[in-house]
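[1] Here is the input, now give the coordinates:
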Amino acid sequence: MQPTRVILYHNQSTSARLRFLRFSYNSVCAFESLPKLAELMDDGDTPMLAVHPAAIIIEVEERLGLATGDLQAEGEYRAIVDVAGGPVNILLARFTSIDPPFELAKNSQATFIDLTEARDLPQVELQLLRKVYELVIGD
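    Alright, predicted model coming up:
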């Protein structure tokens, strides 16, 4: 199975405010940042995903201490990042709660950030977040 990272986000239903969970290691990728030389592969160059999101999302919920169903996989999101060891699948999951789980973020040594607060992330992560924004908010 190919390595996988998950981007976690919350979309406020009343205001459409989009926030991403940023971990203490300066990445929006759970649970490990991408290597410095990672590059986003073009959609036409990406092989089929070799991972089913449900199993990964359950694992993320368990690692964060969430209940089953607190995260929902966004099946339309598809990204693969090329790294020295081979491709890495990037999945997307949405927190299903009405408000962002700020206490969970604090306990996970993470914070919720807006897209404008992501400027100092690695370029590949900014590209991944742009794809999320286009999917969730629209072009």
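
[2] Secondary structure element holding the closest residue to residue 9 other than its chain neighbours?
    Among residues not flanking residue 9 along the chain, residue 20 sits closest, at 5.0 Å (Cβ to Cβ, 6 or more residues apart in numbering). Using the backbone N, CA and C atoms, a C-beta is placed for each residue, glycine as well. Remark: residue 20 resides in strand 18-23, with elements defined by DSSP states H and E.

[3] sorry, back to before: confirm for me that the residue nearest to residue 9 is in contact with residue 115.
    Yes. Residue 20 lies in contact with residue 115 (Cβ atoms under 8 Å); the separation is 7.4 Å.

[4] Mind naming the longest helix for this protein?
    When the chain is parsed with DSSP state H, its longest helix is helix 123-136.

[5] Against which helices or strands is it packed?
    Judged by 3 or more Cβ pairs under 8 Å, 6 or more residues apart in numbering; DSSP states H and E, helix 123-136 is in contact with strand 4-11, strand 18-23, strand 39-40, strand 79-83, strand 86-95.

[6] circling back: enumerate residues external to the strand holding residue 20 that contact any of its residues.
    If you take Cβ atoms under 8 Å, 6 or more residues apart in numbering as the criterion, strand 18-23 is touched by 7-12, 28-31, 33, 95, 100, 105, 108-115, 117-118, 121, 129, 132-133, 136-137.

[7] 7 Å instead?
    With Cβ atoms under 7 Å, 6 or more residues apart in numbering as the test, strand 18-23 has contacts from 7-11, 28, 30, 100, 105, 110-115, 118, 129, 133, 136-137.

[8] Show me how far that strand is from its chain's centre.
    With Cα atoms, centre = their mean, to the nearest Å as the basis, strand 18-23 stands 8 Å off its chain's centre.
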